[in-house]
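Colleague: My questions concern the predicted model and sequence given below.
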Amino acid sequence: MKRGKRYQQVAELVDRNKLYSLDEAAEIIKKTATAKFDETIDLAVRLGLDPRQADQNIRGAVSLPYGTGRTTRVVVFAEGDLARQAEEAGADYVGGQDLVERIQGGWLEFDATVAAPSMMRLVGRLGRLLGPMRLMPSPKTGTVTEDVASAVREIKAGRIEYKLERAPIVHVPVGKASFSQQQIRENVETVLDAIVRARPASVKGRYMRSVAISTTMGPGIKLDPLQFTAGTA
């Protein structure tokens, strides 16, 4: 694919054959963000897992020390007192049957979902729609819970979900190009630490195959995976 002049210029800042330290990458990535908007920084981690194996299809959530740098619109499926708690915690949309029907009708103006356990009999109808979009509430990520208020506050503060894709890759946002190098570094370290701790006990051999960060419009910067797995099997 032919790249534009701007991309070609910033790509010259990155040695495609080098594995960078996180400190080096955090410095370079800010230089590659030359778009007229505050570009998102994405992290991509290729793992030595087989997503077809249930015990290897890792999924979880982690709170970024400095958040994602964007406003997250949160939907909560709850009724009664839990609905009130969700609203007080800052949920953008709260509802039950009416909210399910609205989403079934094509409304998808939200970024995260939380559900009270009692609501999952209704929310389950949205599985085929929300599942592929990685928006389905799940006990594994703490988004099916009686404590909907805490879940909303954590998501608003920068809590993100990660899930192994078919590739097998975990792909998540870790901040904005306007973040300081320290903020970028600590956010990335937090996510990678969670992924390392999520390693299934049954997995042998090299777990973290490759790691890279990039901005929305910039080139990928490869990191040395060994700096994040030192001391692990």
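Modeller: That came through fine.
Colleague: Secondary structure of Leu108: a strand, I assume?
Modeller: No. Per DSSP: H, G, I helix; E, B strand; the rest coil, Leu108 lies outside any strand segment and is coil.
Colleague: Do me a favour and get the backbone dihedrals for Ser138.
Modeller: phi -150, psi 140 (degrees, to the nearest 10).
Colleague: Check it and give its pLDDT.
Modeller: Model confidence at Ser138, expressed as pLDDT, equals 94.
Colleague: can you pull the contacts of it?
Modeller: 59, 144 (C-beta atoms under 8 Å, 6 or more residues apart in numbering). (Glycine included, C-beta is placed from N, CA and C.)
Colleague: Let me know the distance separating it from Gly124.
Modeller: 12 Å (C-beta to C-beta, to the nearest Å).
Colleague: Assign the spatially most central residue of the chain to helix, strand or coil.
Modeller: The centroid of the chain falls nearest to Val172 when counting by C-alpha atoms, centre = their mean (3.5 Å). Secondary structure, three-state DSSP: Val172 is strand.
Colleague: Tell me what it is bridged to.
Modeller: Leu43 (DSSP bridges).
Colleague: just checking, it touches Tyr162?
Modeller: Yes. Judged on C-beta atoms under 8 Å, Val172 makes contact with Tyr162 at a distance of 5.1 Å.
Colleague: dump the residue contacts of Gly142.
Modeller: Contacts of Gly142 (C-beta under 8 Å, 6+ apart): 61, 151, 154.
Colleague: Can you tell me which member of those has the lowest pLDDT score?
Modeller: Ala61 (91).
Colleague: any idea which element that one lies in?
Modeller: If you go by DSSP states H and E, Ala61 is part of strand 59-63.
Colleague: Straight-line length of stretch 188-206, end to end?
Modeller: For stretch 188-206, the first and last residues are 20 Å from each other (C-alpha to C-alpha, to the nearest Å).
Colleague: just to revisit the earlier point, quick one: which of the contacts of Gly142 has the most company?
Modeller: Ala151 (28 neighbours; other C-beta atoms under 10 Å).
Colleague: export the contacts of Gly142 to a markdown table and tack on distance to Leu47?
Modeller: Converted to a markdown table, those look like this (distance: C-beta to C-beta, whole Å):
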| residue | distance to Leu47 |
| --- | --- |
| Ala61 | 17 |
| Ala151 | 26 |
| Glu154 | 25 |
